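In: sequence? don't have it. structure:
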(Lines give C-alpha, C1' and ligand atoms only; values in the text may rest on other atoms or scores of the structure.)
Protein backbone atom coordinates (compact mmCIF):
# COMPACT_ATOMS: atom_id res chain seq x y z
CA UNK A 1 0.00 0.00 0.00
CA UNK A 2 1.22 3.50 -0.79
CA UNK A 3 1.00 6.54 1.44
CA UNK A 4 -2.37 7.97 0.43
CA UNK A 5 -2.44 10.95 2.78
CA UNK A 6 -0.56 13.20 0.33
CA UNK A 7 -2.75 11.85 -2.49
CA UNK A 8 -5.90 12.86 -0.60
CA UNK A 9 -4.38 16.26 0.08
CA UNK A 10 -3.60 16.66 -3.63
CA UNK A 11 -7.21 15.81 -4.49
CA UNK A 12 -8.30 18.61 -2.15
CA UNK A 13 -5.80 20.98 -3.76
CA UNK A 14 -7.01 20.00 -7.26
CA UNK A 15 -10.71 20.46 -6.51
CA UNK A 16 -11.20 23.83 -8.22
CA UNK A 17 -9.26 22.87 -11.33
CA UNK A 18 -11.05 19.52 -11.48
CA UNK A 19 -14.39 21.35 -11.37
CA UNK A 20 -13.23 23.45 -14.31
CA UNK A 21 -12.59 20.23 -16.23
CA UNK A 22 -15.94 18.76 -15.24
CA UNK A 23 -17.71 21.94 -16.36
CA UNK A 24 -15.98 21.70 -19.75
CA UNK A 25 -17.36 18.17 -20.16
CA UNK A 26 -20.87 19.10 -19.00
CA UNK A 27 -21.03 21.92 -21.55
CA UNK A 28 -20.83 19.35 -24.35
CA UNK A 29 -24.39 18.43 -25.37
CA UNK A 30 -23.80 14.69 -25.74
CA UNK A 31 -27.46 13.59 -26.07
CA UNK A 32 -27.11 10.12 -27.56
CA UNK A 33 -30.73 9.42 -28.50
CA UNK A 34 -31.08 12.48 -30.77
CA UNK A 35 -29.20 12.16 -34.10
CA UNK A 36 -28.82 15.93 -34.32
CA UNK A 37 -26.31 15.72 -31.42
CA UNK A 38 -24.07 13.12 -33.06
CA UNK A 39 -21.20 15.59 -33.43
CA UNK A 40 -21.52 16.58 -29.76
CA UNK A 41 -21.19 12.94 -28.70
CA UNK A 42 -18.02 12.66 -30.77
CA UNK A 43 -16.79 15.90 -29.19
CA UNK A 44 -17.30 14.45 -25.69
CA UNK A 45 -15.39 11.30 -26.61
CA UNK A 46 -12.52 13.36 -28.04
CA UNK A 47 -12.47 15.55 -24.92
CA UNK A 48 -12.15 12.51 -22.65
CA UNK A 49 -9.38 11.00 -24.74
CA UNK A 50 -7.43 14.24 -24.66
CA UNK A 51 -7.83 14.65 -20.91
CA UNK A 52 -6.97 11.04 -20.12
CA UNK A 53 -3.91 11.37 -22.35
CA UNK A 54 -2.83 14.48 -20.45
CA UNK A 55 -2.61 12.49 -17.20
CA UNK A 56 -0.68 9.58 -18.68
CA UNK A 57 -3.26 7.15 -20.06
CA UNK A 58 -2.89 5.60 -23.50
CA UNK A 59 -6.37 6.63 -24.66
CA UNK A 60 -8.20 6.39 -27.96
CA UNK A 61 -11.61 6.90 -29.55
CA UNK A 62 -13.05 3.66 -30.95
CA UNK A 63 -15.68 3.94 -33.66
CA UNK A 64 -18.83 1.82 -33.53
CA UNK A 65 -21.99 1.63 -35.61
CA UNK A 66 -23.33 4.31 -33.28
CA UNK A 67 -21.54 6.72 -30.98
CA UNK A 68 -17.87 6.04 -30.24
CA UNK A 69 -16.34 4.31 -27.25
CA UNK A 70 -13.43 5.67 -25.26
CA UNK A 71 -10.81 3.12 -24.20
CA UNK A 72 -7.78 3.97 -22.08
CA UNK A 73 -5.04 1.94 -20.40
CA UNK A 74 -2.51 2.62 -17.67
CA UNK A 75 0.10 0.39 -16.05
CA UNK A 76 0.13 -0.23 -12.33
CA UNK A 77 2.93 0.46 -9.89
CA UNK A 78 4.06 -3.17 -10.27
CA UNK A 79 3.68 -5.74 -13.01
CA UNK A 80 1.57 -7.99 -10.79
CA UNK A 81 -0.76 -5.24 -9.58
CA UNK A 82 -4.47 -6.07 -9.88
CA UNK A 83 -6.05 -5.17 -13.22
CA UNK A 84 -9.31 -3.20 -12.94
CA UNK A 85 -11.79 -2.09 -15.62
CA UNK A 86 -13.64 1.13 -14.85
CA UNK A 87 -16.89 1.76 -16.73
CA UNK A 88 -18.92 4.95 -17.16
CA UNK A 89 -20.87 6.74 -19.87
CA UNK A 90 -20.46 10.22 -21.31
CA UNK A 91 -23.86 10.49 -23.01
CA UNK A 92 -26.79 12.21 -21.35
CA UNK A 93 -30.57 12.29 -21.44
CA UNK A 94 -32.50 14.89 -23.48
CA UNK A 95 -33.35 18.04 -21.54
CA UNK A 96 -37.03 18.36 -22.45
CA UNK A 97 -39.12 20.04 -21.16
CA UNK A 98 -36.60 22.88 -21.32
CA UNK A 99 -38.98 25.44 -19.77
CA UNK A 100 -38.86 23.56 -16.44
CA UNK A 101 -35.12 24.12 -15.99
CA UNK A 102 -34.20 26.89 -13.58
CA UNK A 103 -30.87 27.44 -15.39
CA UNK A 104 -29.48 26.42 -18.76
CA UNK A 105 -28.88 22.62 -18.62
CA UNK A 106 -25.55 22.91 -20.39
CA UNK A 107 -24.22 25.89 -18.43
CA UNK A 108 -22.97 24.23 -15.23
CA UNK A 109 -22.63 26.20 -12.01
CA UNK A 110 -22.23 25.79 -8.27
CA UNK A 111 -25.47 26.60 -6.46
CA UNK A 112 -26.01 27.07 -2.73
CA UNK A 113 -29.28 25.35 -1.79
CA UNK A 114 -29.15 26.08 1.94
CA UNK A 115 -28.33 24.07 5.05
CA UNK A 116 -24.67 24.16 4.07
CA UNK A 117 -25.32 22.24 0.84
CA UNK A 118 -23.79 23.21 -2.47
CA UNK A 119 -24.62 21.43 -5.71
CA UNK A 120 -23.30 21.28 -9.25
CA UNK A 121 -26.15 22.01 -11.67
CA UNK A 122 -26.59 20.82 -15.25
CA UNK A 123 -27.50 17.83 -17.40
CA UNK A 124 -25.17 14.90 -16.78
CA UNK A 125 -23.80 16.19 -13.49
CA UNK A 126 -24.98 13.07 -11.63
CA UNK A 127 -25.69 10.75 -14.56
CA UNK A 128 -22.89 10.15 -15.37
CA UNK A 129 -20.27 12.82 -16.10
CA UNK A 130 -19.79 13.91 -12.50
CA UNK A 131 -19.58 10.28 -11.40
CA UNK A 132 -17.01 9.19 -13.98
CA UNK A 133 -14.90 12.27 -13.34
CA UNK A 134 -14.56 11.34 -9.65
CA UNK A 135 -12.56 8.32 -10.79
CA UNK A 136 -10.52 10.19 -13.38
CA UNK A 137 -9.62 12.85 -10.84
CA UNK A 138 -8.62 10.21 -8.30
CA UNK A 139 -6.19 8.86 -10.89
CA UNK A 140 -4.89 12.36 -11.57
CA UNK A 141 -4.17 12.99 -7.87
CA UNK A 142 -2.37 9.64 -7.59
CA UNK A 143 -0.22 10.44 -10.63
CA UNK A 144 0.58 13.90 -9.29
CA UNK A 145 2.04 12.47 -6.09
CA UNK A 146 3.45 9.06 -6.93
CA UNK A 147 3.92 9.26 -10.70
CA UNK A 148 2.08 5.96 -11.10
CA UNK A 149 -1.17 4.20 -10.21
CA UNK A 150 -1.51 1.44 -7.61
CA UNK A 151 -3.48 -0.84 -9.99
CA UNK A 152 -3.37 -1.58 -13.68
CA UNK A 153 -6.35 0.23 -15.15
CA UNK A 154 -8.49 -0.01 -18.23
CA UNK A 155 -11.18 2.62 -18.69
CA UNK A 156 -14.25 2.13 -20.88
CA UNK A 157 -16.59 5.06 -21.46
CA UNK A 158 -19.54 4.51 -23.78
CA UNK A 159 -21.74 7.03 -25.53
CA UNK A 160 -25.03 5.15 -25.84
CA UNK A 161 -26.04 4.13 -22.31
CA UNK A 162 -29.00 6.51 -22.36
CA UNK A 163 -30.22 5.10 -25.68
CA UNK A 164 -30.07 1.37 -24.99
CA UNK A 165 -26.35 0.65 -25.57
CA UNK A 166 -26.87 -0.96 -29.01
CA UNK A 167 -23.13 -0.95 -29.79
CA UNK A 168 -21.91 -2.20 -26.44
CA UNK A 169 -22.27 -5.97 -26.75
CA UNK A 170 -20.68 -6.11 -30.22
CA UNK A 171 -17.84 -3.95 -28.90
CA UNK A 172 -17.28 -6.20 -25.88
CA UNK A 173 -17.29 -9.28 -28.11
CA UNK A 174 -14.81 -7.77 -30.56
CA UNK A 175 -12.47 -6.47 -27.84
CA UNK A 176 -12.88 -9.05 -25.08
CA UNK A 177 -9.19 -9.81 -24.69
CA UNK A 178 -8.27 -6.15 -24.40
CA UNK A 179 -11.02 -5.31 -21.93
CA UNK A 180 -10.95 -8.35 -19.65
CA UNK A 181 -9.63 -7.57 -16.17
CA UNK A 182 -9.73 -9.00 -12.66
CA UNK A 183 -12.73 -6.88 -11.65
CA UNK A 184 -14.96 -4.20 -13.08
CA UNK A 185 -15.74 -0.95 -11.27
CA UNK A 186 -19.04 0.78 -12.06
CA UNK A 187 -19.84 4.28 -10.82
CA UNK A 188 -23.46 4.73 -11.94
CA UNK A 189 -25.17 4.13 -8.61
CA UNK A 190 -25.82 6.09 -5.44
CA UNK A 191 -25.46 6.60 -1.70
CA UNK A 192 -27.92 5.45 0.92
CA UNK A 193 -28.11 9.07 2.06
CA UNK A 194 -25.91 12.16 2.02
CA UNK A 195 -23.64 10.81 4.79
CA UNK A 196 -23.77 7.06 4.18
CA UNK A 197 -21.90 5.50 1.24
CA UNK A 198 -23.27 2.32 -0.28
CA UNK A 199 -22.01 -0.66 -2.25
CA UNK A 200 -24.61 -2.37 -4.40
CA UNK A 201 -24.09 -6.11 -4.07
CA UNK A 202 -27.15 -7.13 -6.06
CA UNK A 203 -28.99 -6.04 -9.18
CA UNK A 204 -32.33 -7.52 -10.10
CA UNK A 205 -32.71 -9.08 -13.52
CA UNK A 206 -35.66 -8.49 -15.82
CA UNK A 207 -38.09 -10.39 -18.02
CA UNK A 208 -40.70 -8.48 -20.01
CA UNK A 209 -43.66 -10.01 -21.84
CA UNK A 210 -46.58 -8.58 -23.78
CA UNK A 211 -49.60 -10.88 -23.95
CA UNK A 212 -52.30 -10.49 -26.62
CA UNK A 213 -55.50 -12.55 -26.30
CA UNK A 214 -57.89 -12.83 -29.23
CA UNK A 215 -61.44 -14.14 -28.94
CA UNK A 216 -64.05 -13.25 -31.60
CA UNK A 217 -63.00 -12.19 -35.09
CA UNK A 218 -64.43 -8.69 -34.50
CA UNK A 219 -65.73 -6.49 -31.68
CA UNK A 220 -69.20 -7.58 -30.59
CA UNK A 221 -72.38 -5.87 -29.32
CA UNK A 222 -72.57 -6.78 -25.62
CA UNK A 223 -76.39 -6.96 -25.73
CA UNK A 224 -76.39 -9.51 -28.52
CA UNK A 225 -73.35 -11.56 -27.45
CA UNK A 226 -72.86 -10.84 -23.76
CA UNK A 227 -72.90 -13.96 -21.59
CA UNK A 228 -72.31 -16.17 -24.63
CA UNK A 229 -69.15 -14.99 -26.39
CA UNK A 230 -65.75 -15.21 -24.70
CA UNK A 231 -64.56 -11.82 -23.45
CA UNK A 232 -60.75 -11.49 -23.77
CA UNK A 233 -60.66 -8.72 -21.16
CA UNK A 234 -62.28 -11.03 -18.59
CA UNK A 235 -59.90 -13.86 -19.54
CA UNK A 236 -56.95 -11.52 -19.21
CA UNK A 237 -58.13 -10.15 -15.87
CA UNK A 238 -58.41 -13.69 -14.48
CA UNK A 239 -54.89 -14.51 -15.68
CA UNK A 240 -53.35 -11.40 -14.17
CA UNK A 241 -55.20 -11.78 -10.87
CA UNK A 242 -53.90 -15.33 -10.56
CA UNK A 243 -50.23 -14.33 -10.67
CA UNK A 244 -50.27 -13.72 -6.89
CA UNK A 245 -51.93 -15.50 -3.98
CA UNK A 246 -53.44 -13.82 -0.93
CA UNK A 247 -50.01 -13.55 0.77
CA UNK A 248 -48.41 -11.71 -2.16
CA UNK A 249 -46.47 -14.81 -3.25
CA UNK A 250 -46.08 -15.31 -7.00
CA UNK A 251 -47.84 -18.48 -8.13
CA UNK A 252 -45.99 -19.46 -11.31
CA UNK A 253 -44.60 -23.00 -11.06
CA UNK A 254 -40.85 -22.95 -10.46
CA UNK A 255 -40.78 -19.17 -10.10
CA UNK A 256 -38.72 -19.22 -6.90
CA UNK A 257 -36.14 -21.72 -8.18
CA UNK A 258 -32.75 -20.10 -7.59
CA UNK A 259 -34.04 -17.57 -5.05
CA UNK A 260 -31.91 -17.83 -1.91
CA UNK A 261 -32.81 -16.41 1.45
CA UNK A 262 -30.90 -13.26 2.37
CA UNK A 263 -28.31 -14.01 5.09
CA UNK A 264 -29.57 -13.19 8.58
CA UNK A 265 -26.70 -10.78 9.32
CA UNK A 266 -27.46 -8.86 6.13
CA UNK A 267 -31.17 -8.69 6.97
CA UNK A 268 -30.28 -7.47 10.45
CA UNK A 269 -28.12 -4.71 8.96
CA UNK A 270 -30.92 -3.73 6.59
CA UNK A 271 -33.42 -3.69 9.43
CA UNK A 272 -31.45 -0.88 11.05
CA UNK A 273 -31.84 1.14 7.84
CA UNK A 274 -35.40 0.15 7.08
CA UNK A 275 -38.18 2.70 6.99
CA UNK A 276 -41.62 1.57 8.02
CA UNK A 277 -44.00 0.72 5.22
CA UNK A 278 -46.01 3.81 6.03
CA UNK A 279 -43.06 6.21 5.82
CA UNK A 280 -41.68 4.63 2.64
CA UNK A 281 -45.00 4.58 0.82
CA UNK A 282 -46.33 7.89 2.14
CA UNK A 283 -44.32 9.82 -0.47
CA UNK A 284 -46.50 8.26 -3.17
CA UNK A 285 -49.76 8.45 -1.24
CA UNK A 286 -49.86 4.82 -0.06
CA UNK A 287 -49.37 3.03 3.26
CA UNK A 288 -49.92 -0.74 2.86
CA UNK A 289 -47.24 -2.87 1.13
CA UNK A 290 -48.54 -5.32 -1.47
CA UNK A 291 -45.60 -7.73 -1.71
CA UNK A 292 -44.80 -10.93 0.14
CA UNK A 293 -45.94 -10.85 3.75
CA UNK A 294 -43.46 -10.77 6.63
CA UNK A 295 -40.67 -9.23 4.55
CA UNK A 296 -39.13 -5.83 5.24
CA UNK A 297 -39.48 -3.04 2.72
CA UNK A 298 -35.76 -3.10 1.89
CA UNK A 299 -35.71 -6.88 1.49
CA UNK A 300 -38.68 -6.68 -0.88
CA UNK A 301 -36.95 -4.04 -3.01
CA UNK A 302 -33.38 -5.35 -2.90
CA UNK A 303 -33.58 -9.13 -2.61
CA UNK A 304 -36.97 -10.51 -3.65
CA UNK A 305 -38.42 -11.13 -7.14
CA UNK A 306 -41.56 -9.45 -8.43
CA UNK A 307 -44.33 -9.80 -10.99
CA UNK A 308 -45.98 -6.54 -12.01
CA UNK A 309 -48.57 -5.56 -14.61
CA UNK A 310 -47.31 -2.45 -16.40
CA UNK A 311 -50.17 -1.82 -18.79
CA UNK A 312 -53.52 -3.17 -19.99
CA UNK A 313 -55.42 -2.39 -23.19
CA UNK A 314 -58.70 -3.64 -24.60
CA UNK A 315 -62.17 -2.53 -25.58
CA UNK A 316 -63.44 1.01 -25.77
CA UNK A 317 -61.39 3.51 -23.74
CA UNK A 318 -62.50 6.80 -25.25
CA UNK A 319 -64.86 9.42 -23.88
CA UNK A 320 -68.35 8.30 -23.05
CA UNK A 321 -69.54 4.70 -23.04
CA UNK A 322 -69.68 1.96 -25.67
CA UNK A 323 -71.29 -1.42 -24.94
CA UNK A 324 -68.80 -3.59 -26.75
CA UNK A 325 -67.08 -6.91 -26.17
CA UNK A 326 -63.59 -6.43 -27.52
CA UNK A 327 -62.04 -8.85 -29.96
CA UNK A 328 -58.59 -8.45 -28.39
CA UNK A 329 -57.07 -7.57 -25.04
CA UNK A 330 -53.42 -7.19 -24.12
CA UNK A 331 -51.19 -6.64 -21.12
CA UNK A 332 -47.54 -5.83 -20.52
CA UNK A 333 -46.06 -7.81 -17.62
CA UNK A 334 -42.58 -7.54 -16.13
CA UNK A 335 -40.73 -9.78 -13.72
CA UNK A 336 -37.79 -8.55 -11.63
CA UNK A 337 -35.45 -11.44 -10.90
CA UNK A 338 -32.97 -12.13 -8.12
CA UNK A 339 -30.31 -14.69 -7.29
CA UNK A 340 -30.04 -17.53 -9.82
CA UNK A 341 -33.48 -17.25 -11.40
CA UNK A 342 -33.36 -18.22 -15.08
CA UNK A 343 -35.00 -15.60 -17.34
CA UNK A 344 -35.79 -18.17 -20.04
CA UNK A 345 -37.40 -20.53 -17.52
CA UNK A 346 -39.46 -17.69 -16.00
CA UNK A 347 -40.67 -16.66 -19.46
CA UNK A 348 -41.69 -20.20 -20.37
CA UNK A 349 -43.43 -20.76 -17.01
CA UNK A 350 -45.44 -17.59 -17.53
CA UNK A 351 -46.39 -18.55 -21.07
CA UNK A 352 -47.43 -22.05 -20.02
CA UNK A 353 -49.58 -20.59 -17.23
CA UNK A 354 -51.27 -18.18 -19.65
CA UNK A 355 -51.91 -20.89 -22.24
CA UNK A 356 -53.54 -23.05 -19.57
CA UNK A 357 -56.12 -20.29 -19.03
CA UNK A 358 -57.07 -19.71 -22.69
CA UNK A 359 -60.41 -21.22 -23.86
CA UNK A 360 -60.21 -23.66 -26.75
CA UNK A 361 -61.75 -21.26 -29.29
CA UNK A 362 -59.49 -18.31 -28.34
CA UNK A 363 -55.83 -17.69 -29.06
CA UNK A 364 -52.85 -16.00 -27.44
CA UNK A 365 -49.62 -14.55 -28.74
CA UNK A 366 -46.57 -13.33 -26.85
CA UNK A 367 -44.07 -10.57 -27.57
CA UNK A 368 -40.86 -10.67 -25.52
CA UNK A 369 -39.35 -7.45 -24.21
CA UNK A 370 -35.91 -8.10 -22.79
CA UNK A 371 -34.52 -10.79 -20.55
CA UNK A 372 -31.49 -10.57 -18.30
CA UNK A 373 -30.44 -12.48 -15.17
CA UNK A 374 -29.87 -10.95 -11.77
CA UNK A 375 -26.39 -10.10 -10.57
CA UNK A 376 -25.31 -10.98 -7.04
CA UNK A 377 -21.88 -10.32 -5.58
CA UNK A 378 -21.22 -12.66 -2.63
CA UNK A 379 -21.83 -10.79 0.61
CA UNK A 380 -18.53 -12.15 1.96
CA UNK A 381 -16.55 -11.14 -1.16
CA UNK A 382 -13.04 -9.83 -0.39
CA UNK A 383 -13.57 -7.18 -3.08
CA UNK A 384 -16.67 -5.94 -1.31
CA UNK A 385 -15.08 -6.06 2.14
CA UNK A 386 -12.04 -3.99 1.11
CA UNK A 387 -14.18 -1.36 -0.59
CA UNK A 388 -16.50 -1.18 2.41
CA UNK A 389 -13.62 -0.39 4.77
CA UNK A 390 -12.18 2.18 2.35
CA UNK A 391 -15.50 4.00 2.01
CA UNK A 392 -16.14 3.93 5.74
CA UNK A 393 -12.80 5.66 6.30
CA UNK A 394 -13.92 8.59 4.13
CA UNK A 395 -17.55 9.29 5.01
CA UNK A 396 -19.26 10.34 8.27
CA UNK A 397 -21.15 7.06 8.54
CA UNK A 398 -19.98 3.49 7.81
CA UNK A 399 -20.61 2.10 4.34
CA UNK A 400 -23.57 -0.22 3.91
CA UNK A 401 -24.10 -3.09 1.50
CA UNK A 402 -27.39 -2.78 -0.35
CA UNK A 403 -29.28 -4.26 -3.26
CA UNK A 404 -30.81 -2.41 -6.17
CA UNK A 405 -34.37 -2.73 -7.36
CA UNK A 406 -33.45 -1.88 -10.92
CA UNK A 407 -31.11 -3.38 -13.48
CA UNK A 408 -27.81 -2.27 -15.04
CA UNK A 409 -27.36 -4.53 -18.10
CA UNK A 410 -23.64 -3.77 -18.50
CA UNK A 411 -22.92 -5.52 -15.19
CA UNK A 412 -24.46 -8.70 -16.54
CA UNK A 413 -22.51 -8.33 -19.78
CA UNK A 414 -19.25 -8.00 -17.86
CA UNK A 415 -20.03 -11.17 -15.93
CA UNK A 416 -21.33 -13.23 -18.85
CA UNK A 417 -19.02 -12.04 -21.63
CA UNK A 418 -15.81 -11.15 -19.79
CA UNK A 419 -16.10 -13.33 -16.69
CA UNK A 420 -15.75 -10.38 -14.30
CA UNK A 421 -17.54 -9.52 -11.09
CA UNK A 422 -18.40 -5.84 -10.70
CA UNK A 423 -18.04 -3.49 -7.75
CA UNK A 424 -20.85 -0.93 -7.88
CA UNK A 425 -19.99 2.24 -6.00
CA UNK A 426 -21.57 5.60 -6.77
CA UNK A 427 -22.16 8.90 -5.03
CA UNK A 428 -25.49 10.05 -6.43
CA UNK A 429 -28.42 10.92 -4.18
CA UNK A 430 -32.08 10.11 -4.62
CA UNK A 431 -32.95 13.78 -5.17
CA UNK A 432 -30.38 14.35 -7.94
CA UNK A 433 -33.21 14.47 -10.51
CA UNK A 434 -31.44 12.33 -13.06
CA UNK A 435 -33.43 12.14 -16.33
CA UNK A 436 -35.48 15.14 -15.13
CA UNK A 437 -35.17 18.91 -15.36
CA UNK A 438 -32.79 20.57 -12.88
CA UNK A 439 -30.41 17.64 -12.52
CA UNK A 440 -27.73 18.24 -9.90
CA UNK A 441 -24.80 16.54 -8.17
CA UNK A 442 -23.81 17.38 -4.62
CA UNK A 443 -20.45 19.12 -4.40
CA UNK A 444 -19.68 16.86 -1.44
CA UNK A 445 -20.51 13.80 -3.58
CA UNK A 446 -18.03 14.98 -6.17
CA UNK A 447 -15.24 15.95 -3.75
CA UNK A 448 -15.53 12.96 -1.43
CA UNK A 449 -16.17 10.71 -4.40
CA UNK A 450 -12.69 11.52 -5.68
CA UNK A 451 -11.22 10.83 -2.24
CA UNK A 452 -13.23 7.60 -2.00
CA UNK A 453 -11.80 6.21 -5.23
CA UNK A 454 -8.28 7.02 -4.03
CA UNK A 455 -8.95 4.93 -0.94
CA UNK A 456 -10.58 2.11 -2.90
CA UNK A 457 -7.76 1.88 -5.44
CA UNK A 458 -5.26 1.75 -2.62
CA UNK A 459 -7.25 -0.96 -0.80
CA UNK A 460 -7.71 -3.12 -3.91
CA UNK A 461 -3.99 -2.88 -4.74
CA UNK A 462 -3.09 -4.44 -1.40
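Out: That came through, no problem. Here the structure is a predicted model, which is why all the values come from computation and not from measurement. Residues are numbered from 1 along each chain as shown.
In: so residue 178 sits in a strand?
Out: No. Secondary structure of residue 178 (DSSP: H, G, I helix; E, B strand; the rest coil): helix, not part of a strand.
In: any idea how far it is from residue 3?
Out: For residue 178, the distance to residue 3 equals 32 Å [CB to CB, to the nearest Å]. Placement of C-beta: from N, CA and C, glycine included.
In: Look up the closest residue to residue 342, ignoring the ones flanking it.
Out: Spatial nearest neighbour of residue 342, excluding adjacent residues (CB to CB, 6 or more residues apart in numbering): residue 258 at 6.6 Å.
In: Is that neighbour located within a strand, as I assumed?
Out: No. Counting by three-state DSSP, one finds residue 258 to be coil, located in no strand.
In: and residue 300, what is it in contact with?
Out: 289, 291-292 (CB atoms under 8 Å, 6 or more residues apart in numbering).
In: one more time with 10 Å
Out: Listed by CB atoms under 10 Å, 6 or more residues apart in numbering, the contact set of residue 300 reads 248, 277, 280, 289-292, 306, 405.
In: again, but for residue 58
Out: With contact taken as CB under 10 Å, 6+ apart, residue 58 is in contact with 52, 71-75.
In: so residue 189 sits right up against residue 425, yeah?
Out: Yes. Using CB atoms under 10 Å, residue 189 is in contact with residue 425, at 6.8 Å.
In: any common contacting residues for those two?
Out: 131, 198-200.
In: from the residues you listed, which ones fall inside helices?
Out: residue 131 (DSSP state H).
In: Mind picking the two most distant members of the shared contacts of residue 189 and residue 425?
Out: 131 and 199 (14.6 Å; CB to CB).
In: Which one of these two is surrounded by more residues?
Out: Taking neighbours as other CB atoms under 10 Å, residue 131 and residue 199 compare with residue 131 leading, 26 against 23.
In: circling back: in terms of neighbours, single out the busier of residue 178 and residue 3.
Out: Between residue 178 and residue 3, residue 178 has the larger neighbour count (other CB under 10 Å), namely 13 against 10.
In: Tell me who's in contact with that one.
Out: Contacts of residue 178 by CB under 10 Å, 6+ apart are 62, 71, 73, 154, 156, 172.
In: Now for the nearest residue to residue 409 once chain neighbours are set aside: which residues touch it?
Out: Distances taken as CB to CB, 6+ apart place residue 372 nearest to residue 409, at 5.7 Å, with adjacent residues excluded. Going by CB under 10 Å, 6+ apart, residue 372 touches 203-208, 337, 343, 407-409, 411-413, 416.
In: Got the confidence number for residue 372?
Out: Note on residue 372: pLDDT of 85.
In: Among the contacts of residue 178, name the ones in strands.
Out: Per DSSP state E, strands hold the following members of the contacts of residue 178: 62, 71, 73, 154, 156.
In: Relative to residue 30, how far out is the fourth one?
Out: What it means is residue 154. 22 Å.
In: Pick out whichever of the two has more residues nearby.
Out: residue 30 (27 against 19).
In: Secondary structure class of the residue lying closest to the more buried one once chain neighbours are set aside, three-state.
Out: Of all residues beyond its chain neighbours, the one nearest residue 30 is residue 44 (4.0 Å), with distances taken as CB to CB, 6+ apart. Three-state assignment for residue 44 (three-state DSSP): helix.
In: Touching, residue 44 and residue 91? I think so.
Out: Yes. Judged on CB under 10 Å, residue 44 makes contact with residue 91 at a distance of 7.5 Å.
In: List the contacts of residue 434.
Out: 92-93, 123-128, 162, 188, 190, 428, 440-441.
In: from the shared contacts of residue 189 and residue 425, which has minimum pLDDT?
Out: For the shared contacts of residue 189 and residue 425, the pLDDT minimum is residue 200, 92.
In: Could you check how far that one is from residue 70?
Out: Distance from residue 200 to residue 70, by CB to CB: 24 Å.
In: tell me how far the strand or helix carrying residue 301 is from the chain's mean position?
Out: Assessed by DSSP states H and E, residue 301 sits inside helix 297-303. Taking CA atoms, centre = their mean, to the nearest Å, one finds helix 297-303 lying 16 Å from the centre of the chain it belongs to.
In: One more: stretch 280-291?
Out: So, by CA atoms, centre = their mean, the centroid of stretch 280-291 is 23 Å from its chain's centroid.
In: Tell me the pLDDT of the closest residue to residue 430 other than its chain neighbours.
Out: Excluding the flanking residues, the one nearest residue 430 by CB to CB, 6+ apart is residue 190, at 6.7 Å. pLDDT, residue 190: 94.
In: burial count for residue 190?
Out: So residue 190, with other CB under 10 Å, has 23 neighbours.
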